[in-house]
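I'd like to go over a predicted model; first the sequence, then the structure.
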Amino acid sequence: MNPLLYIAIICCLAIGHRRVQNERKWFNRQIHWGMYETVFLLKQGWRMALIFTIISLLLGFVLPPVYLVLVAIIMIIGLVSFYYHLASAVYGFGFAFVILWFTYVYDGSWTLGPWQVDALSMHQHLFMTVPFLLAIVLIIEGQLIKKYAAWNASPRYQKTDRGLKAVTYLAKRIWILPVFFLIPGSVIPDALPFWPRFNIGSETFSLVLFPVVFGFQQRARKELPATFYPKFGATVQLLGALVFIEALIAIFIPIVGLAAVVLAVIGRMLISILYSISERKGAFAVTPNKKGVVVVAVLPGSPAEAMGIQKGEVIRRVNGIPIHSEDELYEALQINAAHCRIEVLDTNDEVRIRQHVVFRDDHFRIGLIVLK
């Protein structure tokens, strides 16, 4: 088994543990289960992994084993840094290509375990294969961010310039997509006759299952997670489309493939940097509101979630009583032991009415974390 898989699992456990610690520090409770990141490590991406595999095999992506080893090493470095701006799968595939290209240009020679890396390691077809690979990776990464990054973005308190208490949200995730790639069959030793091989013309190939690791980290401040992360993911997908166009050109002009790799790597870095700079400036999306109590988070499986209450919304009245603090919220919840009626001001300043059964002894379990 690839050690990359085990390291990713360990890092997911560490992310969940650290997140729960911070949530208990700020809010005296955890919002999501500590194993959330680990449970969804594979679950949220398996359909995309299947699509990735089908595209990889149909397009005939043949990757040298030394290239995949370099990709795995770079991905491991990104993971153990625990700074997941550096853990995008684009960096693994992109920097591994750049390393082989420099080895080719300078006619270098070095060893990587049992492999000899030299100018011949830079197969000509990589100038076409890797750009297509990076385009697919960017499009898939963008989809993962759009669909899942906001799910468990963890809130943090932060002081505004005026000394008020505000909230930011941090999404820190790892996804693994197990993908089958073709490798030259000659690299499989004869001592492993059971390893599946097949011939295409005069060439022999084998299949290898590689865990493609997508790491992601980004903080939302000016916008709520439900708005910010889909926008971030769409930008990553747009970059993927641009790389795909260059990959098509590389079929006819192979050197353009190098430009496509540089665009993918530098472009992905710039997206993270520019969004980070943008979110450090300007107003906070979640700050105290004179109209009522601001919702910071909603606990999964709670009555508040069943009522459809969202982060950033303002609770104005509970059971007909105006509220302006957490204590007033829970006092108002006790008035009607059989039913709870909440008046909510959503992020578009539109009033919604939400109702749910909340028993007297369970009023503290409504599942709301509000700005104090």
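Structure received. Numbers count the residues shown, from 1 in each chain.

Going by C-alpha atoms from here, please, whenever you check contacts or count neighbours.
OK.

Which residue ranges of the stretch 251-372 of the chain form helices?
Shown for the stretch 251-372 of the chain, the helices assigned by DSSP state H, counting those that start in this stretch span residues 256-280, 303-306, 326-333.

Can you say which of those is nearest to Tyr106?
Tyr106 sits nearest to helix 256-280 of all the helices of the stretch 251-372 of the chain, at 15.8 Å, using CA to CA.

who wins for proximity to Gly78 among the helices of the stretch 251-372 of the chain?
Using CA to CA, the nearest of the helices of the stretch 251-372 of the chain to Gly78 is helix 256-280, at 13.4 Å.

rewinding a little: will you turn the helices of the stretch 251-372 of the chain into CSV that also has distance to Phe216 and mean pLDDT?
Converted to CSV, the helices of the stretch 251-372 of the chain look like this (distance: least, CA to CA, whole Å; pLDDT from 0 to 100):
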stretch, distance to Phe216, mean pLDDT
helix 256-280, 10, 95
helix 303-306, 26, 85
helix 326-333, 33, 85
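
I'd like those helices laid out as CSV, including distance to Gly16.
Compiled in CSV, the helices of the stretch 251-372 of the chain are given as follows (distance: least, CA to CA, whole Å):
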stretch, distance to Gly16
helix 256-280, 22
helix 303-306, 21
helix 326-333, 27
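
For Val294, which of those is the nearest?
Among the helices of the stretch 251-372 of the chain, the nearest to Val294 by CA to CA is helix 326-333 (9.5 Å).

tell me the centre residue of this protein?
Taking CA atoms, centre = their mean as the criterion, Phe216 is the residue nearest the geometric centre of the chain, at 4.0 Å.

Which residues does it form beta bridges with?
Arg173 (DSSP bridges).

What distance do you get for it to Ile266?
Computed as CA to CA, to the nearest Å, the Phe216 to Ile266 distance reads 16 Å.

Switch the helices of the stretch 251-372 of the chain over to TSV; also include mean neighbour count.
Formatted as TSV, the entries for those read as follows, by neighbours: other CA atoms under 10 Å:
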stretch	mean neighbour count
helix 256-280	18
helix 303-306	19
helix 326-333	18
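
Which of these sits closest to Val351?
Among the helices of the stretch 251-372 of the chain, helix 303-306 comes nearest to Val351, with 16.2 Å by CA to CA.

now the particular helix or strand that has Gln237 in it: how far from the chain's centre is it?
Remark: Gln237 resides in helix 225-250, with elements defined by DSSP states H and E. Relative to the chain's own centre, helix 225-250 is displaced by 14 Å; criterion: CA atoms, centre = their mean, to the nearest Å.

buried stuff in that helix?
Within helix 225-250, the residues that qualify as buried are 225-226, 228-230, 232-237, 239-241, 243-244, 246-250, counting by 16 or more other CA atoms under 10 Å.

Show me what it is packed up against.
Other helices and strands packing on helix 225-250, by 3 or more CA pairs under 8 Å, 6 or more residues apart in numbering; DSSP states H and E, are helix 126-148, helix 256-280.

got the angle between the longest one and helix 225-250?
Read it as helix 256-280. Orientation of helix 256-280 against helix 225-250 (axes from the mean of the first three to the mean of the last three CA atoms, to 10 degrees) gives an angle of 160 degrees.

Output the below-cut-off pLDDT ranges for the stretch 1-150 of the chain.
By pLDDT under 70, the low-scoring segments of the stretch 1-150 of the chain are 1.

Can you name the residues bridging to the closest residue to Arg352 other than its chain neighbours?
Among residues not flanking Arg352 along the chain, Val344 sits closest, at 5.1 Å (CA to CA, 6 or more residues apart in numbering). According to DSSP bridges, the residues that bridge with Val344 are Ile315, Arg352.

which ones are touching Val344?
By CA atoms under 8 Å, 6 or more residues apart in numbering, Val344 lies in contact with Ile309, Glu313, Val314, Ile315, Arg316, Arg317, Val351, Arg352, Ile353, Arg354.

PyMOL command for the buried members of the residues you listed?
If you want just the buried ones from the contacts of Val344 in PyMOL, going by 16+ other CA under 10 Å, the selection is:
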select buried, resi 309+313+314+315+316+317+354
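
Which member of the contacts of Val344 is positioned nearest Lys281?
For Lys281, the nearest member of those is Glu313. The distance, counting by CA to CA, is 21.7 Å.

wait, what's in contact with that closest one?
Val294, Val295, Val344, Leu345, Asp346, Thr347.

if I read this right, Phe93 contacts Thr129, doesn't it?
No: the pair Phe93 / Thr129 is not scored as a contact, 10.8 Å apart, by CA atoms under 8 Å.

Looking only at neighbour counts, state which of the two leads.
Of the pair Phe93 and Thr129, Phe93 is the one with more neighbours under other CA atoms under 10 Å, namely 26 against 20.

Tell me who's in contact with that one.
Applying CA under 8 Å, 6+ apart to Phe93 gives the contacts Val71, Val130, Leu134.
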